[in-house]
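>>> I'll drop the sequence and a predicted model, then ask my questions.
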Amino acid sequence: MDIVVEHLTKRYGPQKAVDNVSFRVKAGEVLGFLGPNGAGKTTTMKAIACFIKPEEGDILVGGYSIHEHPEIIKKNIGYLAENNPLYQEMNIIDFLEFIAKIHGIPKYLIPERILDMIRTCGLEGEKHKLIGELSKGYQQRVGLAQALIHDPDILILDEPTTGLDPNQIVEIRELIKRIGKEKTVILSSHILAEVEATCDRILIINNGRIVVDGTAAELRKQAQGNEILKLGVQGGSVDDIFEHLFEIETIDSIDLLDVEKQLFEIQSLPDTSSVKAIFDSCVRNNYYITELTPTETKLEDIFRDLTLH
């Protein structure tokens, strides 16, 4: 199912939590919703899931409007809230049976759906335990199971790895990637590695507005602009190497990073590459290259640039 968000605005008192936001999520896509705390991610996700009603704008889920057909949309969405509310005194099987009944799954199908969720979410060894006895990682798995039990087309996950240890984070990410092959997924996070590891596309929101939309590679390319190279050269003096490098027409600037190792940072002119010309110059002058690597703009740097003003 496609999701189309059109001019979404939601206020809490005088403050706009979401300010005229528009975007589209294609069926089968895993969208990473990225932004600092308080940026408007959760509000947008709750509006898509029909938990809150916006003052302005509309959201179409599979062609149905949240204003006109919220009951149809809710049947097609699985939602995992950030705080993952679970009944701690229930065991996993009883809890999933309870959720299945709430979703109106026919009684004869419920045992099969519970077993399917236990297998999918890796809960076989824990299925008879009380939820309150489970680790945070396994409680997140139960949260995913309850979000998936009615087989929704769309899965909305709000900060799904909050509070997990590194091993649990990797496990939940792998689980989300597997689920994402079959469903449309919106995943919110303020952790960059999270969205890069699991998502096809990244949407960055700040102060209630979308500031960027694209893949991780596109964001880096957009931010980087000019080619930046780290170059190590031996076989000549620093001054001679500088002189010969400056003869290359595509080079815009050269900075010396390390005198002893003779490491340079080279920035090329826009839309040009200096790699071949550097190599040819070194061959002509009997220098040898110890290092020649592109300097990649980090996603963290892009995120800070976009959200700290």
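Done, it's in.
>>> what comes up buried for stretch 164-171?
Residues of stretch 164-171 classed as buried by neighbour count (16 or more other C-beta atoms under 10 Å): 164, 168-169, 171. All C-beta atoms are positioned from the backbone trio N, CA, C, and that covers glycine.
>>> Show me which of those is closest to residue 257.
The nearest member of the buried residues of stretch 164-171 to residue 257, counting by C-beta to C-beta, is residue 169 at 34.2 Å.
>>> The closest one is in what secondary structure piece?
Assigning secondary structure by DSSP states H and E places residue 169 in helix 166-180.
>>> mind saving the C-alpha coords of stretch 67-75 as PDB?
Coordinates of the C-alpha atoms in stretch 67-75 are reproduced here as PDB (Å, rounded to 0.1, in the frame of the first residue of the first chain):
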ATOM      1  CA  HIS A  67     -10.500  11.700   7.800                       C
ATOM      2  CA  GLU A  68     -13.100   9.500   6.000                       C
ATOM      3  CA  HIS A  69     -12.000   5.900   6.500                       C
ATOM      4  CA  PRO A  70      -9.800   5.600   9.600                       C
ATOM      5  CA  GLU A  71     -11.300   2.200  10.500                       C
ATOM      6  CA  ILE A  72     -10.100   0.700   7.200                       C
ATOM      7  CA  ILE A  73      -6.600   2.300   7.500                       C
ATOM      8  CA  LYS A  74      -6.200   0.900  11.100                       C
ATOM      9  CA  LYS A  75      -6.800  -2.600   9.800                       C
END
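>>> which residues touch the closest residue in space to residue 180 that isn't next to it in sequence?
Closest residue to residue 180 apart from its sequence neighbours, by C-beta to C-beta, 6 or more residues apart in numbering: residue 30 at 4.1 Å. With C-beta atoms under 8 Å, 6 or more residues apart in numbering as the criterion, the residues that contact residue 30 are 176-177, 180, 184-185, 187, 198-201.
>>> likewise residue 235?
Residue 235 makes contact with 282, 285-288 under the criterion C-beta under 8 Å, 6+ apart.
>>> Buried ones among those residues?
With burial judged by 16+ other C-beta under 10 Å, the buried subset of these is 282, 287.
>>> Looking at the contacts of residue 235, which are in helices?
In this view, the contacts of residue 235 that belong to helices under DSSP state H are residue 282.
>>> got TSV for the contacts of residue 235, with pLDDT and distance to residue 157 too?
Conversion of the contacts of residue 235 to TSV gives the following (pLDDT from 0 to 100; distance: C-beta to C-beta, whole Å):
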residue	pLDDT	distance to residue 157
282	96	50
285	96	56
286	96	58
287	96	52
288	95	51
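>>> Report the two of the contacts of residue 235 separated the most.
The most widely separated members of the contacts of residue 235 are 285 and 288, with 10.2 Å between them, by C-beta to C-beta.
>>> show me where the chain has strands.
3-12, 15-25, 30-34, 56-61, 64-65, 77-80, 154-158, 184-189, 201-206, 209-214, 228-234, 251-258, 263-268, 288-294 (DSSP state E).
>>> of all those, which lies closest to residue 43?
Once the strands of the chain are compared by C-beta to C-beta, strand 15-25 is nearest, at 4.4 Å.
>>> May I have that closest one as CSV, with CA atoms only?
Once non-C-alpha atoms are left out, strand 15-25 reads as follows in CSV (Å, rounded to 0.1, in the frame of the first residue of the first chain):
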residue,chain,number,x,y,z
GLN,A,15,3.4,25.2,18.8
LYS,A,16,3.4,23.5,15.4
ALA,A,17,4.7,19.9,16.0
VAL,A,18,4.3,19.2,12.3
ASP,A,19,4.4,22.1,9.9
ASN,A,20,3.0,21.6,6.3
VAL,A,21,4.7,18.2,5.8
SER,A,22,4.2,16.3,2.5
PHE,A,23,5.8,13.1,1.3
ARG,A,24,5.0,9.7,-0.3
VAL,A,25,6.0,6.2,0.7
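>>> And that strand, what's buried?
16-19, 21, 23, 25.
>>> cool, stretch 169-180 as well?
Applying a neighbour-count criterion of 16+ other C-beta under 10 Å, the buried positions in stretch 169-180 are 169, 171-173, 175-176, 179-180.
>>> go on, stretch 198-217?
Of the residues in stretch 198-217, those scored as buried under the neighbour-count criterion (16+ other C-beta under 10 Å) are 198-208, 210-212, 216.
>>> Next, count neighbours for residue 274.
Neighbouring residues of residue 274 were enumerated by other C-beta atoms under 10 Å; the total is 22.
>>> phi, psi of it?
With angles defined as degrees, to the nearest 10, residue 274 shows backbone torsions of phi -110, psi 0.
>>> pLDDT score assigned to it?
pLDDT, the model's per-residue confidence, is 93 for residue 274.
>>> does it really touch residue 265, like I thought?
No - at 12.0 Å, residue 274 and residue 265 do not qualify as touching, with contact defined as C-beta atoms under 8 Å.
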